[in-house]
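Undergrad: any chance you could fold what I've pasted below:
(chains A, B and C)
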Amino acid sequence: MSTIILPGDDIHVFEDRQISLGPGMYCNPATEEIEAVNAGVEVISETKKGQAVYVDYDCKRYVPSVGDLVIGIIVGQYSDNYKVSLSNFSSSVSLSYMAFPNATKKNKPTLKVGDLVYARVRFAEKELESEIECVDSTTGQDGGFGLLDGGMLAEIKLAYARSLMFDEKFPLLPLLAKFVQFEVAIGINGIIWIKCEEVKHTLACYRSILECQKVPTSSYKAIVKENFGKIVNTVEDDNQ
Amino acid sequence: MAKDIQISASESKFILEALRQNYRLDGRSFDQFRNVDISFGKEYGDVTVVMGGTKVQCRISSSITHPYEDRPFEGLFLISTESSPMAGPQFENGNNTGDEEVLCARIIEKAVRRSGALDIEGLCIVAGSKCWAIRADVHFLDCDGGFIDASCIAVMTALLHYKKPDITVLGDRITVHPVDEREPVSLGILHIPICVTFSFFNPQDTEENIKGDSNAEIAIIDATLREELLRDGTLTVTLNKNREVVQVSKAGGLPMDALSLMENCHKAYTIAEKTTDQILEELKKDEKKRNKYAEILSSENNRES
Amino acid sequence: MVVQAVTGILNQVDGSSQFESKNTKVICSVTGPIEPKARQELPTRLALEVIVRPARGIPNTREKLIEDKLRAVLTPLIVSYKYPRQLCQITCQILEAGESEEEFSQRELSCCINAAFLALIDAGIALHSMVSSVCLCIAKDTDELVIDPGDDDLRVSRSVHTLALELVKGGSVIQNVLLLDSVGDFTEEQLFEILQNGEQSCVELTKELRRIISDKISEDIVRTHVA
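TA: Residues are numbered from 1 along each chain as shown, chains lettered A, B, ... in the order given. Presented below is the predicted three-dimensional model:
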């Protein structure tokens, strides 16, 4: 069921059941009423306890939420923390020296200002500074987080980032993979990092990612093809 | 600027490496100017210029005031370039004291006002007591680099487009005729200066640039915001279609030799010529659209054959 | 009331809109929630930085007054407790005033309110409800009520009013009057007439604004939908 919902509209849930609220929903502390606060598609799903409801909306600015995988830029250091920026002009978040795999008091990470990190949001409360971590806290092991070396990053809208990340059928990355081998990291905060062997390939990927954001999925193929055609004479490998 | 845009080390390294291999992020060649899109508002002297992700609006207005005492035969002309957070959160409202903003305002001022693009003597009504004051308000709406170039085009097009109300002078009495009563008159424009900004990048270290004679620095025209944030130096050449160089502005940055300066001026000239032609073309098109009655009033009839 | 509006037209800011009604044209940008400067910070809620810039000339007291009224309308609308110690910048640039600026500012104000609402939606800032605003005036000679008056109507008016209403439940229920700003001579009876007629046009305008927003959302869904 997909209905478009705007701020102040009625929510289509059963009031007598337990309701979990997702993004775009707000429980007004004064009236204790649930209200929709963003404009988007209302999504209602059944959970074990009751119903979950959220608004699927698109925007550019990221607000940290626990569990999100993000890409940040190190902008400073203080005591035993890095200061990390998740999006320009937003409040920075902190990354503790201890939030790395095999970290000890003496074994400190060696990140510099300007480096990119792939991390998970560990703590997010609206009143306090958010925290991110570069370790899988369930196992204490390296979970593929940490420094992103080289490559290039592109700033994209949040819904597009979510599609790239969660929608297994989303065609862009498989299309790019037909032309070139690459490493990729997608941050839910609207940053995608991509790295190929050669600069020109990365550049073609970068342009394709940005251009595809503005068009329907059906035209992705043409765009990717054009961008690679412009830059390299790689023949499309259809066997893959 | 209030707070800076953060650029990661990877990104800056990548952009430089791409430039070294002759690529720009947006796919342009090094000396390619972005396409200029000029549109007009409902009133005279309301022009919006779009160049890629950069959007600038210029609005001309006029009023009658006293001339300066030491310049009784001249009218007043003022260009206001105030930035607001609309162009990006890095700009602060009402605070234009940042280096970039001051430089941008000064270059436009020099290019248009001090080069005498507008005939200010023609703005005089009664010497020493009354004159026209022309005001150009430049609004930066969206910022993706190249503010100077875009603003200059916007101001010049708006000045060419603007028409001030007609007046009659009878002794000390001045009658201003409303626009619907008498056809308003254009401003006197003496030449059309066009700014072209070059950005320089140094692929080697600084020492090599000063001492060595390889001249390996990379020069690109009409940089985007990312390129502007990373550049090592900048040069703005202002010239007009008559091959007159109005100003060369290079405030610090990477040193460059005379030969490449000449070369850049030549490149700038081709762009200036093309842009000037485009401005005139667009103005002509708009004039035609606006002046519906010209066809009715003209003696040429559409005759059915 | 014929309006034209588009959202998402600027790249560098989080949300933007352009709103046009008759000869008045306003462009609005919204950035937030971002980190405020220390003097702007509010300990429990979102701080608003409202900027209105005139089509020509430098901003002065007239624009400050519009800013103040705009802030009064937007503050109860935004779920400000959701963003403590954060800042939201709202910048309105008037492109065409559509009224003589020396005497009037009502058309610009009502367009700024509508533009700001659309830009806030585009930026994804949490809002309690919807808002829409219209300008009305009462003619000098005939005492007739004119909805959405043009410059000519304003010149021959006895009083000019700007009305902004808060609407919920799909724009069908009016929750509150956010602003009723009047200048000139008018009677109590006339004021009620204005409220009544203004209400009607606000509801109609809300429908139009809803359509613009819904179209944009559907367009986005279609675009990212995987066939």
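
Undergrad: CA atoms for contacts and neighbours, from now on please.
TA: Fine.

Undergrad: in chain C, which helix has the most residues?
TA: Longest helix of chain C, by residue count under DSSP state H: helix C:188-224.

Undergrad: near chain A at all, it?
TA: Yes. Residues of helix C:188-224 contacting chain A under C-alpha under 8 Å from any C-alpha of the partner chain: C:Arg210, C:Ile213, C:Ser214, C:Ile217, C:Val222, C:Arg223, C:Thr224.

Undergrad: for stretch B:17-34, same thing?
TA: Yes. Stretch B:17-34 lies within reach of chain A by C-alpha under 8 Å from any C-alpha, at B:Glu17, B:Ala18, B:Tyr23, B:Leu25, B:Asp26.

Undergrad: distance of A:Asp136 from chain B?
TA: Distance, A:Asp136 to chain B, by C-alpha to the nearest C-alpha, to the nearest Å: 24 Å.

Undergrad: near chain C, which residues of the stretch 1-150 of chain B show up?
TA: B:53, B:59-61, B:84-89, B:93, B:135-137, B:141-144.

Undergrad: near chain A too, which of these?
TA: B:Pro89.

Undergrad: shaky segments in chain A?
TA: Low-confidence segments of chain A, defined by pLDDT under 70: A:1, A:232-240.

Undergrad: and it, which residues reach chain B?
TA: Selection of chain A residues close to chain B by C-alpha under 8 Å from any C-alpha yields A:73, A:75, A:88-89, A:114-116, A:149-153, A:199-200, A:203, A:207.

Undergrad: tell me how many other residues crowd the residue of the stretch 1-150 of chain B found nearest chain C.
TA: Of all residues in the stretch 1-150 of chain B, B:Gly88 sits closest to chain C, at 5.1 Å by C-alpha to the nearest C-alpha. Per other C-alpha atoms under 10 Å in any protein chain shown, the neighbour tally for B:Gly88 reads 24.

Undergrad: who does the lengthiest helix in chain B touch, helix- and strand-wise?
TA: Assignment by DSSP H gives helix B:258-290 as the longest helix of chain B. With contacts taken as 3 or more C-alpha pairs under 8 Å, 6 or more residues apart in numbering or on different chains; DSSP states H and E, helix B:258-290 sits against strand B:36-40, helix B:147-161, strand B:194-201, strand B:233-239.

Undergrad: so what's B:Leu187 up against?
TA: Residues in contact with B:Leu187 (C-alpha atoms under 8 Å, 6 or more residues apart in numbering or on different chains) are B:Leu118, B:Asp119, B:Leu159, B:Leu160, B:Tyr162, B:Lys163, B:Lys164.

Undergrad: avg pLDDT for whichever strand or helix holds C:Ala72?
TA: Using DSSP states H and E, C:Ala72 sits in helix C:61-74. For helix C:61-74, mean pLDDT is 96.

Undergrad: just stretch B:7-23 next, same as before
TA: Rounded mean pLDDT across stretch B:7-23 is 92.

Undergrad: so which bits of that stretch are buried?
TA: B:7-12, B:14-20, B:23 (16 or more other C-alpha atoms under 10 Å in any protein chain shown).

Undergrad: what's the answer for stretch C:38-47, then?
TA: Applying 16+ other C-alpha under 10 Å to stretch C:38-47 flags C:Glu41, C:Leu42, C:Arg45, C:Leu46, C:Ala47 as buried.

Undergrad: which ones among those residues lie within strands?
TA: Judged by DSSP state E, these include C:Ala47 as members of strands.

Undergrad: tabulate the buried residues of stretch C:38-47 (JSON lines), appending pLDDT and distance to C:Val146.
TA: Listed next are the buried residues of stretch C:38-47 as JSON lines, based on pLDDT from 0 to 100; distance: C-alpha to C-alpha, whole Å:
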{"residue": "C:Glu41", "pLDDT": "93", "distance to C:Val146": "42"}
{"residue": "C:Leu42", "pLDDT": "95", "distance to C:Val146": "41"}
{"residue": "C:Arg45", "pLDDT": "94", "distance to C:Val146": "39"}
{"residue": "C:Leu46", "pLDDT": "96", "distance to C:Val146": "37"}
{"residue": "C:Ala47", "pLDDT": "96", "distance to C:Val146": "36"}
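
Undergrad: quick check: closest non-adjacent residue to residue 57.
TA: All of this refers to chain A. A:Gly40 (4.4 Å; C-alpha to C-alpha, 6 or more residues apart in numbering or on different chains).

Undergrad: actually it's chain B I care about, not the one you picked
TA: Counting by C-alpha to C-alpha, 6+ apart, B:Gln57 lies nearest to B:Thr48, which is 4.2 Å off, once chain neighbours are set aside.
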